[in-house]
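Asks: Provide a 3D model corresponding to the input given below.
(one chain, ligands or ions: 2)
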Amino acid sequence: MTRGFYIGRFQPFHNGHLSMVEQIAEDVDELVLGIGSADDSHTVRNPFTAGERIMMITKALVDYDLVTYAVPIEDLERNSVWVSHVQSMSPDFEVAYSNNPLVIQLFREANIEIRQSPMFNREVLEGTEVRERMINDGNWESLVPEAVADVVDEIDGIERIQMISGSDSDGN
Ligand SMILES: Nc1ncnc2c1ncn2[C@@H]1O[C@H](COP(=O)(O)OP(=O)(O)OP(=O)(O)O)[C@@H](O)[C@H]1O
Ligand SMILES: NC(=O)c1ccc[n+]([C@@H]2O[C@H](COP(=O)(O)O)[C@@H](O)[C@H]2O)c1
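Replies: Numbering: from 1, shown residues only. Ligands and ions are numbered 1, 2, ... in the order given. As a prediction, this is how the structure comes out:
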């Protein structure tokens, strides 16, 4: 039995993330999805709460033959202890997955196996692109699983991100 760990902000969970989960599912029996920056929400870069992201992930993966756990991971001021923090919050895992250079470096230094994946259709399958389309009334629905679009609808997410983008000064 192998359990993997895939960390991301998932703002929102899009089809690139889904492709990565499909690929990871070939390696592992169970997968922990670490919801990074869990303490952040209501900004243009991180519009959705950890709870809302749990809904997106759970519903998007409900039909997959893979045991998944969504675990919120808050950010820390100290990168040097972040991997221990992750381990303290997550079910045990043997292998981590990320394409984020800092995350890869921190897991390597902790001697935890880390695997990268190819980027799937990265020209459009990027959280920043999805959020820009949400703000500009573009076609964001085609970039996310249908279940994610339903959650965004349920929480009035478009109204929120459009409101925030008018008042948020974090530049993202
Ligand atoms: N299209 C994709 N194909 C493969 N991996 C991806 C893709 N998009 C994101 N990832 C990877 O998934 C992990 C989580 O990504 P993250 O939640 O930051 O999404 P993102 O699309 O990079 O978002 P943002 O633009 O908001 O930074 C990262 O390791 C990232 O590299
Ligand atoms: N010191 C820290 O809190 C620390 C270090 C490395 C990654 N992270 C988090 O891990 C997540 C990585 O996900 P992305 O690949 O989506 O950026 C982010 O939420 C990021 O904030 C946090």
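Asks: how about Gly4, phi and psi?
Replies: phi -110, psi 170 (degrees, to the nearest 10).
Asks: cool, and Tyr69?
Replies: Backbone torsions for Tyr69, taken as degrees, to the nearest 10, come to phi -130, psi 130.
Asks: all helices for the chain, in order.
Replies: 15-24, 50-60, 82-89, 101-109, 127-135, 146-154, 157-167 (DSSP state H).
Asks: in the shortest one, what counts as buried?
Replies: If you call a residue buried by 16 or more other C-beta atoms under 10 Å, then helix 82-89 has these buried ones: 82-83, 86. (Glycine included, C-beta is placed from N, CA and C.)
Asks: can you tell me if that helix touches ligand 2.
Replies: Yes. Using C-beta under 6 Å from any ligand atom, helix 82-89 reaches ligand 2 at Trp82.
Asks: for this structure, which spans come out with low pLDDT?
Replies: Within the chain, the segments meeting pLDDT under 70 span 167-172.
Asks: give me that answer again for 50
Replies: The chain contains residues with pLDDT under 50 at 169, 171.
Asks: show me what from it comes close to ligand 2.
Replies: Residues of the chain lying near ligand 2 (C-beta under 6 Å from any ligand atom): 7-9, 36-37, 75-76, 79, 82, 98, 100, 102-103, 106.
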